[in-house]
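what follows is a predicted structure for the sequence shown.
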Amino acid sequence: MKNYHPTRRSPRRAALACALLAAFAQVTHAAVGAGLRLNTVGYLPRHGKRATLPGPCGEFRVVRVSDGATVLRGRSGGPLRDDETGEALCVADFTALRAPGLYRLEASAGRAATFRVSADVYETTFKTAVRAMHLWRCGSAVSLEHDGVTYAHAACHLEDARLDFVGSPGARLDTTGGWHDAGDYNKYVVNAGVTVGLLLRAWEEFGARVRRVDLGLPESQTKLPAYLSEVKWELDWLLKMQAEDGSVYHKVSTRDFGPAVKPEDEKTERFVTPWSSAATADFVAVTAAAARAYRPFDAAYSRRLLDAARKSYRFLRAHPESRRADLKGFTTGGYQTDDADDRLWAAAELWQTTGDRQALADFEERARRFEGKFSQDWGWGDVKNLGMLTYLFSKRPGRDPRLVRRVREALTETADRIVAVRDRSPHARPLTRYYWGANGGVANTTPLLRAAHRIVPKPVYVETALDALSHLLGRNFYGRSLVTGVGFEPPRAPHDRRSMAPGSAGAWPGYLVGGGWPRATDWVDDADNYRVNEIAINWNAPLVYALASTLPETPSRR
């Protein structure tokens, strides 16, 4: 959950406005959810296919769009009470449909959006989500086409950033590059950390599949796969955030959130803020992990990343206290968090890359304090899951067998709890809570489920991960995709300054919006309502992971 208010209004007025918007959303949407609700992108042939329908339950049929033929008939089950929306709902199961093609679901509640069945059904959505990361670039001109529309901005923020708040008034540090963080144009190390961590985990697990996808990105690093070239843009910025002593500055930011203008038109002074131990630890984790990923393609860059990781790890060892950044004078994103989980993750990645025994001992001591447990609902403020997964799947010798066993058990226990949550939800949502950015939390269940499947190959883990995607792509109260530019009736007014700027081409594509809260029925497609309709790199990263996990293991035949 983000801890800031990206608006030019006063915090009190902003809070009042948000409360009114939430009340309005409930009044206008709580009783008028969509009719047929399904994954509006589509389904994999050999996996589950279900839709959620308002009652009364009854017959449904699946129609092939090409010729209007009915290919499957069934009867929806239920009714099931959905405590999150207050509805009595039914579930139509058409898993038996396996033949590739374009289809439509019909029932007494009406017709659903068309959907596709194909082994590569998510490939285009994956490509769009990765290209969205490229469009987030700061310090560079970008231009990509989506569905015949070009989305572009000129090079921006080329004079980052002043050092007034770190003891050098008037001096500047080159912190150009990286990705804009969210709906605003600032850049935050802690959020960059979890984002890059998830993107690298997707590469580590599914890199061979990812490489087969033509992302259509301009290649600036020709010896790198396009996916890694894009992640490198953020890593290069992170390297600039490391101070001489190994500490890592917390963020680069304007003092207040700016207006909805194009990134190249934001000319407000930007500042580097003091370091934090969480930012420093996350920096260690991602640079150490990246050193492994880039080693086969660019040995020199890999060494640079590892040298940086070791330098900051030494700094952390010399400064064991948890230190939050001094952000007085800033109303922009805080991303402040205690560092126990960040340090655990840093130790795990450094050990995995180097075999450093001190790092292993550091990790295992910290993991025992957490009792080897995973967090079922996690994000930038709790990154220990990433460290636990690295440790669990490592092939390096020297691990404590009892701790390995405990972490292994904890992973499957957590996955089983996620499955149980999904089973209770008529929309197959694998997350209980609603909060700022909870759609990102839904996507964050997928790395845990996929990891559990590697340990214990239960099909239900994979099916639940696919259900998480289905929920985000239309099997929800609204019957709409919650990713811009993708699926049926996607968000058209995200809280994103590029999309909101005068002369914009509309909603920039490939971004997961935060979603309704405090209730499932509180989402509104309104650019001014940043509480529910903002975008953020740390929500897109697990979306990229979830989509990467679905890519075919062998090349598609079209």
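Alright, I've got the coordinates.

after the lowest-mean-pLDDT helix or strand in the chain, next one along is what?
None of the helices or strands of the chain scores lower by mean pLDDT, DSSP states H and E than helix 11-29, at a mean of 39. Using DSSP states H and E, the helix or strand that follows helix 11-29 towards the C-terminus is strand 42-43.

so what touches that next one?
With CB atoms under 8 Å, 6 or more residues apart in numbering as the test, strand 42-43 has contacts from 49, 97, 115-118, 121-122, 466, 470. Heads up, the C-betas are built off the backbone N, CA and C, glycines and all.

farthest pair within those?
Greatest spacing in the contacts of strand 42-43, by CB to CB: Leu97 and Tyr122 (16.9 Å).

could you check which of the two is surrounded by more residues?
Between Leu97 and Tyr122, counting by other CB atoms under 10 Å, Tyr122 is the more crowded of the two (27 against 19).

which SSE is Thr128 in?
Per DSSP H and E: helix 123-135 holds Thr128.

next, the angle from the helix or strand that that helix is followed by to helix 123-135.
Using DSSP H and E, the helix or strand that follows helix 123-135 towards the C-terminus is strand 142-146. Orientation of strand 142-146 against helix 123-135 (axes from the mean of the first three to the mean of the last three CA atoms, to 10 degrees) gives an angle of 160 degrees.

elements contacting strand 142-146?
In terms of contacts (3 or more CB pairs under 8 Å, 6 or more residues apart in numbering; DSSP states H and E), strand 142-146 is packed against helix 123-135, strand 149-153.

rerun at 6 Å
If contacts are counted by 3 or more CB pairs under 6 Å, 6 or more residues apart in numbering; DSSP states H and E, strand 142-146 sits against helix 123-135.

for the helix it packs on, buried residues please.
Neighbour-count burial for helix 123-135 flags 123, 125-135 (criterion: 16 or more other CB atoms under 10 Å).

domains in this protein, by residue range?
Domain ranges of the chain: 11-20+121-548, 37-117, per automatic domain parsing.

let's have the ones you listed in TSV, adding distance to Thr554.
Below are those laid out as TSV (distance: least, CB to CB, whole Å):
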stretch	distance to Thr554
domain 11-20+121-548	9
domain 37-117	14
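
just those domains: most buried one?
Neighbour counts (mean count of other CB atoms under 10 Å) averaged over each of the domains of the chain peak at domain 11-20+121-548, with a mean of 21.

so how far is that domain off the chain centroid?
Distance of domain 11-20+121-548 from its chain centroid, counting by CA atoms, centre = their mean, to the nearest Å, is 6 Å.

the helix holding Thr128 vs strand 149-153, what angle?
Using the same axes, to 10 degrees: helix 123-135 against strand 149-153 is 30 degrees.

and helix 123-135, what does it pack against?
Judged by 3+ CB pairs under 6 Å, 6+ apart, helix 123-135 is in contact with strand 142-146, helix 537-548.

same thing but at 10 Å, please
Helix 123-135 is packed against strand 142-146, strand 149-153, helix 189-211, helix 226-240, helix 537-548, with contacts defined by 3 or more CB pairs under 10 Å, 6 or more residues apart in numbering; DSSP states H and E.

Val71: which of those is closest?
Val71 lies closest to helix 537-548 among those, at 26.6 Å (CB to CB).

what is that closest one packed up against?
Helix 537-548 sits against helix 123-135, strand 187-188, helix 189-211, helix 226-240, helix 438-455, helix 459-472, with contacts defined as 3+ CB pairs under 10 Å, 6+ apart.

in its sheet, what does the second one sit against?
So that's strand 187-188. Strand pairing for strand 187-188, determined by DSSP bridges: strand 251-253 (antiparallel).

what's in contact with the partner strand?
Contact partners of strand 251-253, identified using CB atoms under 10 Å, 6 or more residues apart in numbering, comprise 138, 157, 160-162, 165, 173, 175-176, 178, 181, 184-192, 237, 240-241, 268, 270-274, 276, 279, 325, 327, 330-335.

mind doing that once more with 7 Å?
For strand 251-253, the surrounding residues in contact (CB atoms under 7 Å, 6 or more residues apart in numbering) are 160-161, 175, 186-189, 270-273, 330, 332.

reformat those into TSV and put distance to Leu449 and pLDDT next to each item.
Listed next are the contacts of strand 251-253 as TSV, based on distance: CB to CB, whole Å; pLDDT from 0 to 100:
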residue	distance to Leu449	pLDDT
Asp160	38	84
Ala161	39	95
Thr175	36	97
Asn186	32	98
Lys187	31	98
Tyr188	28	98
Val189	28	98
Arg270	39	97
Phe271	40	98
Val272	38	98
Thr273	36	98
Phe330	37	97
Thr332	34	97
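
and of those, the nearest to Pro542?
Of all the contacts of strand 251-253, Pro542 sits closest to Tyr188, with 17.1 Å by CB to CB.

still on that earlier bit, pipe the buried residues of helix 123-135 into CSV and attach pLDDT per row.
Listed next are the buried residues of helix 123-135 as CSV, based on pLDDT from 0 to 100:
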residue, pLDDT
Glu123, 98
Thr125, 98
Phe126, 98
Lys127, 98
Thr128, 98
Ala129, 98
Val130, 98
Arg131, 98
Ala132, 98
Met133, 98
His134, 98
Leu135, 98
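
confirm Ala155 sits in a strand?
No: using DSSP: H, G, I helix; E, B strand; the rest coil, the secondary structure at Ala155 is coil, not a strand.

looking at it now. What's its pLDDT?
For Ala155, the model assigns a pLDDT of 98.

and Gly33, by the same measure?
Confidence score, pLDDT, at Gly33: 78.

surely it touches Arg480?
No: counting by CB atoms under 7 Å, Arg480 is not a contact partner of Gly33; they are 10.4 Å apart.

ok so, going back, and the contacts of the helix holding Thr128?
Counting by CB under 7 Å, 6+ apart, 41, 142, 144, 146, 151, 179, 213, 215-217, 227, 230, 485-486, 508-511, 540, 543-544, 547-548, 551 sit against helix 123-135.

if we use 8 Å, what do you get?
Taking contacts as CB under 8 Å, 6+ apart, the residues outside helix 123-135 that touch it are 41, 142, 144, 146, 151, 179, 199, 213-217, 227, 230, 233, 473, 483-487, 498, 508-512, 537, 540, 543-544, 547-548, 550-552, 556.

what are the ranges of the strands in the stretch 251-400 of the chain?
251-253, 271-272 (DSSP state E, counting those that start in this stretch).

could the ones you listed go into CSV alongside distance to Asn529?
Formatted as CSV, those follow (distance: least, CB to CB, whole Å):
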stretch, distance to Asn529
strand 251-253, 22
strand 271-272, 28
